[in-house]
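Novice: Sequence plus predicted model, see below.
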Amino acid sequence: MTVYRWEPRRDIESASRKLRRLFDDVEGAVQNGFQNGFHVELGAFSPRVDISETPEAIHVRAELPGMKADDVKVTLSDNTLTLRGEKKRVEEQKDQTFHRLERSHGEFARQFALPNGLNEDAVEANFVDGVLDITIPKLDPAKPKEREVKIGGR
């Protein structure tokens, strides 16, 4: 009989990761399905995104493996960043039989609410090796002006 060491912390972390992934998939499917007016099944493609902030800008990185820059449309309006596109499915060839198809594909749309104070006219985006990098600079904060007020009196 083999004895296995029970490590509850590892098991809980593993279950937590699986649940997080499940909820991410469900959230992506709901966003895609209702925003674009078509039904999206679980497992449909939804790019993973990291959003970070520096004192100068908001940075968005989206993983879009197997896609090209022409496959993606990025829009920014009213502090809402929208990524739209379609990851094409590999077509079956006549002399090829698939035994397993696990890679996800399909149309996607992800929207992200961004903070106020961004320079929407100076957005930059680069697409390299399946990673879309978007930089949205912040507006220079208006510095308060100090004026001396003369005090009248008798």
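Specialist: Received it, and whenever you're ready, just let me know what you need.
Novice: going forward, measure contacts between C-alpha atoms and count neighbours the same way
Specialist: Will do.
Novice: what's the nearest residue to A113 if we skip its chain neighbours?
Specialist: Nearest non-adjacent residue to A113, counting by C-alpha to C-alpha, 6 or more residues apart in numbering: T80, 4.7 Å away.
Novice: what do you get for Q111?
Specialist: Excluding the flanking residues, the one nearest Q111 by C-alpha to C-alpha, 6+ apart is T82, at 4.4 Å.
Novice: list the contacts for the residue most central in space within the chain?
Specialist: Nearest to the geometric centre of the chain sits V49, at 3.1 Å (C-alpha atoms, centre = their mean). V49 makes contact with V60, R61, A62, E63, according to C-alpha atoms under 8 Å, 6 or more residues apart in numbering.
Novice: Strands - which of these land there?
Specialist: Among the contacts of V49, DSSP state E puts V60, R61, A62, E63 in strands.
Novice: Buried by neighbour count, from these: which ones?
Specialist: Among those, those classed as buried by 16 or more other C-alpha atoms under 10 Å are V60, R61, A62, E63.
Novice: where does this protein dip in pLDDT?
Specialist: Judged by pLDDT under 70, the chain has its weakly predicted residues at 25-43, 90, 92, 142-144.
Novice: same thing but at 80, please
Specialist: Within the chain, the segments meeting pLDDT under 80 span 1-8, 10-11, 21-45, 89-94, 96-105, 141-147, 153-154.
Novice: which residue ranges form the strands in it?
Specialist: In the chain, the segments counted as strands under DSSP E are 49-53, 57-63, 72-77, 80-87, 106-113, 124-128, 131-137.
Novice: Which elements pack onto the fifth one?
Specialist: Helices and strands touching strand 106-113, by 3 or more C-alpha pairs under 8 Å, 6 or more residues apart in numbering; DSSP states H and E, are helix 8-36, strand 80-87.
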